[in-house]
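A.B. asks: requesting a structural model of the entry that follows:
(chains A and B)
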Amino acid sequence: MSWITVIIIIFIYLFFILFLGSSAGRRRESSVVEYIAASRNLGFLVMYFLMGGAIFSAFAYLGGPGWAYSKGAAAFYILGYCALGLVPWWLWGPRALRAGRKFNYVTQAQLFTDRFQSKALSVIIAVVSVLAFIQYITLQMKGSAYIFEVASGGRIPFWAGALIAYVVVVIYVFYGGVRGVAWTNVFQGAFMIVTAWVLGLYFAYKLYGGPSEMFRQINEATATHLLVGPGTKMSFAGFSSALLVSVLGFAMWPHLFMKAYTAESERVLKKTIVMYPTFAIFMVPVLFIGFAGIMQVSSDALGAPDRILPWMFINLKFPAVIVGVVLAAALAAAMSTQDTITHAAGSIFAQDLVEQLKKEKHTDKQATMWIRISVVGFGAVSYLVAIFGGQTLVALLLGAYGSIVQLLPLAVATFFWPRATKAGAICGILVGVLYNYGIVLQFIPKFWGIHAGIQGLVLNFIVLIVVSLITRPMDREHVRKFVTL
Amino acid sequence: MSNDRENGGYGITVFRPGTPPGVKTREIIFFIILCLIILIQAFYYLFANSAEPFVLGLPFGMFFIVLFIAIEFVVLLLLYFAEAKDVAEGGGS
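C.D. replies: Predicted structure coming up:
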């Protein structure tokens, strides 16, 4: 029974991760700044994988090959945004880091809330982030559930597959905090990179005799598959605006933004940004897997394009040990994103919602406990959403992205424009978020195929500027603290 | 793009007060280069919306994107080392 071997390997991996993540935070004090920001002392290697683990998600590992398989050249956008996503962070990452040290922030909303002196803003950001996170986590759970389904030949049902991996994640996030997340990501990241290269190249050579020949055959069969624009699966405006919104929005994701507070120094932060494009290069062979599938299986036979990676394994008759290792790597992709998100969601819910709305402050110990409780609560809620909700993988991510990028004007205003006011900030973000939801819920028609996030962003900036200019400026000493960081 | 106290200290402030002019120029140049790289990636189809020729085993469009990822990496490295030099000399941004 080869599926038993596969499952055993996956469980060995899960136990190892559980052990690594839970023990990472041992012998550390139980405080908010340790739990959320690792006492602000993570070094380069850990930072690099911490940030990388977040992008090497189920979207990259299952969705990426799925896009390459079903949409062809549109998948190049994934390479572009993986490579460029952290570049804008060069502008706000170091500033956020300095602000965090100076004013003692551990979350993104704390920075904006302090700058604009508004609890309402904290609540808006917390609610938007947590909702976006639920969508994001759902995607990862579907990914892990597919993996268990494939590994067991359909014996492990969806609800159990999603549950097993996630319980492991919640346990080590609960105990290990961001340090647990970081150390598991180092292992998971290295594991994924190695398997991705081996696999992508193996498929290209084994099935076609090399990538050139593979692409030549694809090009001969469907001349439009390796192109974008009219007559292909993605329009010009769609490609450009999806890439731009992803690049602008990437570092605005609260779980990434708040990692600025974990870095040991600005040099560490900048080194991470410099090295980040290497993750995009690691994505190239992942896309090969999807391209390699094109001549092997018809999309009708496959069902959902996201199943292409698992399908390739099952049908190409690999030894069970290898299938186990590869599926564990795919699971690592989903889990290394789940842990960061779950950790951030718990932190944001407890710090930006609970603490803000409470009259008396918790002690540090109590606040840390609240974060841990929120981690478990968030885990339970997103699990229920994953089981009872449904949409396709990529649409989910892009939909959530649309709302998160609306935090961008706040960052720009905080660090560069002292004239921005509380009213301007609140009106701007509300307009941006509501517009995006209007499009997602189809109250507002889509405009030229341009990504909804970009449209919302333009409105958001206009509203922020106009409302700020017609309201009274905020205290000068206060606002200048943030532009002179 | 001013650093002074125009608009009563509420003007757009791009640089920290006291940033040397040389550093400002360098940061603006790198900013423009990186923006161009982002735009070239976003509009790659204007330059390379073609499967052929195959370069290094990749279709031309994909090769073009990977090439610009490599260029981006080099540009970031240069920026990093230029700043590291400042830090070593005791200045810095």
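A.B. asks: residues near residue A:4, how many?
C.D. replies: Taking other Cβ atoms under 10 Å in any protein chain shown as the criterion, the count of residues near residue A:4 is 12. Where you see a C-beta, it was placed from the backbone N, CA and C, and this is true even at glycine.
A.B. asks: ok, and what's touching the host helix or strand of it?
C.D. replies: Under the criterion DSSP states H and E, the helix or strand holding residue A:4 is helix A:2-24. Outside helix A:2-24, the residues that touch it by Cβ atoms under 8 Å, 6 or more residues apart in numbering or on different chains are A:147-148, A:151-153, A:155-156, A:164-165, A:168, A:171-173, A:175-176, A:179-184, A:187-188, A:320-321, A:323-325, A:327-328, A:331-332, A:335, A:339.
A.B. asks: quick check: what element follows it along the chain?
C.D. replies: With DSSP H and E setting the assignment, the helix or strand that follows helix A:2-24 is helix A:32-37.
A.B. asks: filter the contacts of helix A:2-24 by proximity to chain B?
C.D. replies: The residues of the contacts of helix A:2-24 that also fall near chain B, by Cβ under 8 Å from any Cβ of the partner chain, amount to none at all.
A.B. asks: can you select the buried ones among these for me in ChimeraX?
C.D. replies: Remark: buried members of the contacts of helix A:2-24, expressed as a ChimeraX selection using 16 or more other Cβ atoms under 10 Å in any protein chain shown:
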select /A:147,148,151,152,156,164,165,168,171,172,173,175,176,179,180,181,182,183,184,187,188,320,323,324,325,327,328,331,332,335,339
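A.B. asks: taking the contacts of helix A:2-24 one by one, which sit in strands?
C.D. replies: Judged by DSSP state E, the contacts of helix A:2-24 include no members of strands.
A.B. asks: next step: the contacts of helix A:2-24 restricted to helices.
C.D. replies: Here DSSP state H is the test, and the contacts of helix A:2-24 give A:147-148, A:151, A:164-165, A:168, A:171-173, A:175-176, A:179-184, A:187-188, A:320-321, A:323-325, A:327-328, A:331-332, A:335, A:339 as lying in helices.
A.B. asks: just checking, residue B:10 touches residue A:473?
C.D. replies: Yes: using Cβ atoms under 8 Å, residue B:10 and residue A:473 qualify as a contacting pair, with a distance of 5.6 Å.
A.B. asks: list the residues that contact whichever residue of the stretch 301-450 of chain A sits closest to chain B.
C.D. replies: Taking Cβ to the nearest Cβ, chain B has its nearest neighbour within the stretch 301-450 of chain A at residue A:419, 4.0 Å off. Shown here is residue A:419, whose contacts under the criterion Cβ under 8 Å, 6+ apart are A:468-469, A:473, A:479, B:7, B:10-11.
A.B. asks: for residue A:164, give me its contacts.
C.D. replies: Contacts of residue A:164 were listed using Cβ under 8 Å, 6+ apart, and they are A:14, A:144, A:148, A:156.
A.B. asks: from these, which is closest to residue A:302?
C.D. replies: Closest approach between the contacts of residue A:164 and residue A:302, by Cβ to Cβ: residue A:148, at 18.5 Å.
A.B. asks: grab the nearest non-local neighbour of the closest one.
C.D. replies: residue A:161 (3.0 Å; Cβ to Cβ, 6 or more residues apart in numbering or on different chains).
A.B. asks: you'd agree that neighbour is up against residue A:144?
C.D. replies: Yes: counting by Cβ under 8 Å, a contact exists between residue A:161 and residue A:144, whose distance comes to 6.0 Å.
A.B. asks: ok, back up a step: wait, which of the contacts of residue A:164 is closest to chain B?
C.D. replies: residue A:144 (28.7 Å).
A.B. asks: now that closest one: which helix or strand?
C.D. replies: Residue A:144 belongs to helix A:119-151, assigned by DSSP H and E.
A.B. asks: got the buried residues for that helix?
C.D. replies: Buried positions in helix A:119-151, judged by neighbour count with 16+ other Cβ under 10 Å: A:121-126, A:128-151.
A.B. asks: neighbour count winner among residue B:10 and residue A:473?
C.D. replies: residue B:10 (19 against 16).
A.B. asks: distance check, that one against chain A.
C.D. replies: Separation of residue B:10 from chain A (Cβ to the nearest Cβ, to the nearest Å): 4 Å.
A.B. asks: contacting residues around that residue?
C.D. replies: With contacts taken as Cβ under 8 Å, 6+ apart, residue B:10 has the following neighbours: A:418-419, A:473, A:476, A:479.
A.B. asks: so the residue nearest to residue B:37 when sequence neighbours are not counted, which state does it fall into?
C.D. replies: Excluding its sequence neighbours, the residue lying closest to residue B:37 (Cβ to Cβ, 6+ apart) is residue B:72, at 5.0 Å. Of the three states, residue B:72 takes helix according to DSSP: H, G, I helix; E, B strand; the rest coil.
A.B. asks: what's the neighbour count on residue B:72?
C.D. replies: 24.
A.B. asks: surely it meets residue B:39?
C.D. replies: No: taking contact to mean Cβ under 8 Å, the distance of 12.0 Å between residue B:72 and residue B:39 leaves them out of contact.
A.B. asks: still on that earlier bit, okay if I get the contacts of residue B:10 as JSON lines plus secondary structure and pLDDT?
C.D. replies: Shown next, in JSON lines, are these (DSSP: H, G, I helix; E, B strand; the rest coil; pLDDT from 0 to 100):
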{"residue": "A:418", "secondary structure": "coil", "pLDDT": "89"}
{"residue": "A:419", "secondary structure": "coil", "pLDDT": "89"}
{"residue": "A:473", "secondary structure": "coil", "pLDDT": "87"}
{"residue": "A:476", "secondary structure": "helix", "pLDDT": "83"}
{"residue": "A:479", "secondary structure": "helix", "pLDDT": "85"}
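A.B. asks: quick one: terminal-to-terminal distance for stretch A:210-229?
C.D. replies: Separation of the first and last residues of stretch A:210-229 by Cα to Cα, to the nearest Å is 27 Å.
A.B. asks: now do it: everything it contacts.
C.D. replies: Here stretch A:210-229 makes contact (Cβ under 8 Å, 6+ apart) with A:72-74, A:76, A:201, A:204, A:207-208, A:231-232, A:234-236, A:239, A:288, A:291-292, A:294-295, B:45, B:49-52, B:54, B:57-59, B:61-62.
A.B. asks: buried residues, that stretch. List them.
C.D. replies: Applying 16+ other Cβ under 10 Å to stretch A:210-229 flags A:211-212, A:214-216, A:218-219, A:225-228 as buried.
A.B. asks: which of those residues fall in helices?
C.D. replies: Secondary-structure check on the buried residues of stretch A:210-229 using DSSP H: residues within helices are A:211-212, A:214-216, A:218-219.
A.B. asks: nearest to chain A: which residue in chain B?
C.D. replies: As assessed by Cβ to the nearest Cβ, chain A sits closest to residue B:57 within chain B, at 3.5 Å.
A.B. asks: could you find the closest non-adjacent residue to that residue?
C.D. replies: Distances taken as Cβ to Cβ, 6+ apart put residue A:211 closest to residue B:57, at 3.5 Å, once the chain neighbours are dropped.
A.B. asks: excluding sequence neighbours, find me the nearest residue to residue A:274.
C.D. replies: The shortest distance from residue A:274 to any residue that is not its chain neighbour, by Cβ to Cβ, 6+ apart, is 4.4 Å, and that residue is residue B:76.
A.B. asks: what is the least confident helix or strand in the chain?
C.D. replies: If you meant another chain, say so; for now it's chain A. Lowest by mean pLDDT, DSSP states H and E among the helices and strands of chain A is helix A:393-404, with a mean of 57.
A.B. asks: my question was about chain B
C.D. replies: Taking all helices and strands of chain B together, the one with the lowest average confidence (mean pLDDT, DSSP H and E) is helix B:45-48, at a mean of 84.
A.B. asks: now do the buried residues in that helix.
C.D. replies: For helix B:45-48, the neighbour count (16+ other Cβ under 10 Å) marks B:45, B:48 as buried.
A.B. asks: now stretch A:291-300
C.D. replies: Residues A:291-294, A:296-297 are the ones in stretch A:291-300 that count as buried (16+ other Cβ under 10 Å).
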